[in-house]
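>>> build me a model from this:
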Amino acid sequence: MSSQTTTDNDYESASAGASSDVASFEPHRKGFVGHFHDMLHTTPALVPLIVLVGAIIVFGLLLGSKFFSPFALTLILQQVQIVGVLAAAQSLVILTAGIDLSVGALAVLSSVLMGQFTFRYGIPPAIAVALGLTVGTAIGALNGWLVSRVKLPPFIVTLGMWQIVLAANYLFSRNETIRSQEIKAEAPFLQFLGIKFQLAGATLTLGVLLMLGLILGLAYALRATAWGRHVYAVGDDPEAAKLAGVNVHRTIMSVYMLVGFICALAGWVMIGRFGSVTPSASTGMMGNIQSITAVVIGGISLFGGRGSILGAFFGALIVGVFELGLRMAGADPQWTYLLIGVLIIGAVTVDQWIRKVSA
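Down below sits the predicted model:
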């Protein structure tokens, strides 16, 4: 009995000693890299914001006051208003771990529908715009249904839809262009988002305001609503989201329908920006590439579930700053593509680094 008691006492003493040793360990102190990584993980838009501010400072030092003029800075906003709206749409799809290759073509088709409904069929411009927005939403719903219910890969669905929309665009429009003068004389409402106004010496358009309002509205919805949390959950792990009670099908459908609606809005912005309606607008193909570029540079993970729509907006602005800055410096336009290519690879590398360290 005595030996048993001694053994128990020894065990308790050893346990107490072990507990004391564990308690004596100091918490792991992260260095600068560790804290920086945590900051990037919790604030994905930080990297593109740093790059944007750095680019503005560099071009400002190189070009002087003319780059910091209200005209130059607001010109960047005017140039990126279409891409900014399309990047907002693309961000939503990529957050669900998908991709949409039809956003640019859908924007062009929507603008053509708005114009042709007005001039060919005599529909009042406001109703024509509403019909264009409806068709865009319907095409987005079809994309969502094929992805969610039929279980087709988003890349394949939207690649096929891009071709279908492109063909429908030319067939319906009969390859006709509605000139700016005709629109201004008979249906100025189609150019409503191109109306300019002065603000603190800067010239802005209603299209720029729509882009900013859309970005801020979506940023709030993704951050502060249940729908936004569901979007991130579906992009991170759809099976886990389903087990957690998220209606994955409804979430995906809502995302693609909203994307179609936003693309149609981009079509209306396009009419305001260019003044005319043409089925051969370069935004059709370039919009796809530029929107994906803005999203990637903006720090939204192509694997889904992580990123900020504000980052995509900063990504679009980065492209605009490089394009305008290099043009004002008289550099070869090819330098823009080179620098943007470097930024794309760098953004993906940073995303992989964040994921690797987080794991």
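
>>> let me know whether L133 touches A264 as I believe.
Yes: contact criterion CB atoms under 8 Å: L133 and A264 qualify, at 4.5 Å. C-beta here means a position set from N, CA and C on the backbone, and glycine is covered the same way.

>>> work out for me the element V150 sits within.
Taking DSSP states H and E as the definition, V150 sits outside all helices and strands.

>>> phi, psi of it?
Here is the backbone geometry of V150 (degrees, to the nearest 10): phi -80, psi -20.

>>> residues near it, how many?
Applying other CB atoms under 10 Å, we find 8 other residues in the vicinity of V150.

>>> tell me the confidence at G260?
At G260, the model reports a pLDDT of 98.

>>> and the strands in the stretch 101-250 of the chain?
For the stretch 101-250 of the chain, strands defined by DSSP state E, counting those that start in this stretch occupy the ranges 196-199, 202-205.

>>> buried deepest among the ones you listed, which one?
Scoring the strands of the stretch 101-250 of the chain by mean neighbour count under mean count of other CB atoms under 10 Å gives strand 202-205 as the most buried, with a mean of 18.

>>> before we move on, back to that, of all the strands of the stretch 101-250 of the chain, which one is nearest A233?
In terms of CB to CB, the element of the strands of the stretch 101-250 of the chain nearest to A233 is strand 202-205, at 36.6 Å.

>>> relative to that closest one, what are the paired strands and their orientations?
Partners of strand 202-205 in the sheet, by DSSP bridges, are strand 196-199 (antiparallel).

>>> show the average pLDDT along the partner strand.
With pLDDT averaged residue by residue, strand 196-199 scores 86.

>>> repeat for stretch 74-94
Taken as a whole, stretch 74-94 has an average pLDDT of 94.

>>> for stretch 205-219, same thing?
Average pLDDT, stretch 205-219: 96.

>>> which residues sit against that stretch?
Under the criterion CB atoms under 8 Å, 6 or more residues apart in numbering, residues 74, 77-78, 80-82, 84-85, 88, 91-92, 192-197, 262, 265, 269, 272-273, 308-310, 313 lie in contact with stretch 205-219.

>>> can you give me how far that stretch is from the chain middle?
A distance of 12 Å separates the C-alpha centroid of stretch 205-219 from that of its chain, computed with CA atoms, centre = their mean, to the nearest Å.

>>> now it - C-alpha only, CSV.
Coordinates of each C-alpha in stretch 205-219 appear next as CSV, following Å, rounded to 0.1, in the frame of the first residue of the first chain:
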residue,chain,number,x,y,z
THR,A,205,-19.8,60.4,-66.0
LEU,A,206,-22.9,58.7,-64.6
GLY,A,207,-21.3,55.4,-65.8
VAL,A,208,-18.4,55.9,-63.4
LEU,A,209,-20.8,56.6,-60.6
LEU,A,210,-22.7,53.4,-61.5
MET,A,211,-19.4,51.4,-61.4
LEU,A,212,-18.5,52.8,-58.0
GLY,A,213,-21.9,52.2,-56.6
LEU,A,214,-22.0,48.7,-57.9
ILE,A,215,-18.5,47.9,-56.4
LEU,A,216,-19.4,49.3,-53.0
GLY,A,217,-22.8,47.6,-53.0
LEU,A,218,-21.4,44.2,-53.9
ALA,A,219,-18.6,44.6,-51.4
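
>>> quick one: low-confidence parts of the stretch 151-300 of the chain?
282-286 (pLDDT under 70).

>>> all helices for it, in order.
In chain order, the stretch 151-300 of the chain shows helices spanning 154-173, 180-186, 206-224, 226-236, 238-243, 248-274, 283-297, with DSSP state H, counting those that start in this stretch as the criterion.
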